[in-house]
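*Asks:* what follows is a predicted structure for the sequence shown.
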Amino acid sequence: MPRYKLTIEYDGTGIMGWQRQKHGPSIQQYMEEAITAFCGEQVTIYCAGRTDSGVHACGQVAHIDIARDSKPYTVMQAINYHLLPQRIAITKIDEVDEAFHARFSATGRHYMYRIINRPARVALEQSRAYHVPQPLDIARMQEAAALLVGTHDFSSFRDSMCQAKSPVKTLWQLDVERIHDEEVRLYASAPSFLHHQVRNLTGSLIYVGTGKWSIDDLIAAKEACSRPAGGPTAPAHGLYFMKVDY
């Protein structure tokens, strides 16, 4: 039975995240329904990382097994056709060995968080970026972010419902840069992340950038190893799952 590796992009607006939910549509639901419409099979799709409601993806990776032996390009085009009118699309497809698993074979995951930083309210980017009207000190945010790179106990930046066995994670990258006058981006890379870790780190770094926290406050929050000590959770709609390493 052929196994296909899918690279997927999607707009998470109005969707209940990746995983199937009882109370609303999900990326997994739309994908599996499109696959069934193509090949007539009931298929389970496995992804590299489950995204929350409202989170977007440029390079989510998933895999499927289907009995119908078709060329990868045919599979991609057919599933994309059946995904219409949803804002979900397979951008790349490869036939892979059965040992490949989208989640368990992954060695690294990369996220981006977008912030629109201007006094005026946001119209076009309301569901694609987080609006922060106060000026942000990017140099201070980057200085603080650099202190979080490496292996740490991230309990203060972990959702209270996180099911990970350990709060200790290794951050390869946590960078903040201003793209132009009105947009700031945060980049985070690691083998894996805790639930809401990137959004909680972003909210904490925004505190530093607006002057609400000093860099010492951020370090004290980290060392407290307690979620109430951490900063706020940045909204889901600013987060993008960018790519996966294998």
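*Replies:* Ah, there it is.
*Asks:* from Met141, how far out is the residue nearest the centre of the chain?
*Replies:* Centroid-nearest residue in the chain: Phe241, 3.4 Å away (criterion: Cα atoms, centre = their mean). According to Cβ to Cβ, to the nearest Å, Phe241 stands 22 Å off from Met141. Just so you know, the C-beta spots here come from the backbone N, C-alpha and C atoms, and that holds for glycine as well.
*Asks:* one more: Ile88?
*Replies:* As judged by Cβ to Cβ, Ile88 and Met141 stand 32 Å apart.
*Asks:* ok, these two, which is more surrounded?
*Replies:* For Ile88 versus Met141, the count of surrounding residues by other Cβ atoms under 10 Å is larger for Met141: 27 against 21.
*Asks:* thought Glu177 was touching the more buried one, still the case?
*Replies:* No. With contacts counted by Cβ atoms under 8 Å, Met141 stays clear of Glu177, the gap being 9.4 Å.
*Asks:* all helices in the chain, in order from the N-terminus.
*Replies:* Assigned by DSSP state H, the helices in the chain fall at 27-39, 72-83, 138-146, 197-210, 215-224.
*Asks:* give the buried residues for the shortest one.
*Replies:* Neighbour-count burial for helix 138-146, with 16 or more other Cβ atoms under 10 Å as criterion, is recorded at Arg140, Met141, Gln142, Ala144, Ala145.
*Asks:* among the residues you listed, list the two that are farthest apart in space.
*Replies:* Arg140 and Ala145 (9.6 Å; Cβ to Cβ).
*Asks:* and Gln126, what's its pLDDT?
*Replies:* Predicted confidence (pLDDT) for Gln126: 93.
*Asks:* and for it, the neighbour number?
*Replies:* 13.
*Asks:* try Met31
*Replies:* There are 26 residues near Met31, going by other Cβ under 10 Å.
*Asks:* apart from its chain neighbours, what residue comes closest to it?
*Replies:* Spatially, and ignoring its direct neighbours in sequence, Met31 is nearest to Ile45 (5.0 Å; Cβ to Cβ, 6 or more residues apart in numbering).
*Asks:* also Ala62?
*Replies:* Sequence neighbours aside, Cys47 is the residue nearest to Ala62 in space, at 4.3 Å (criterion: Cβ to Cβ, 6+ apart).
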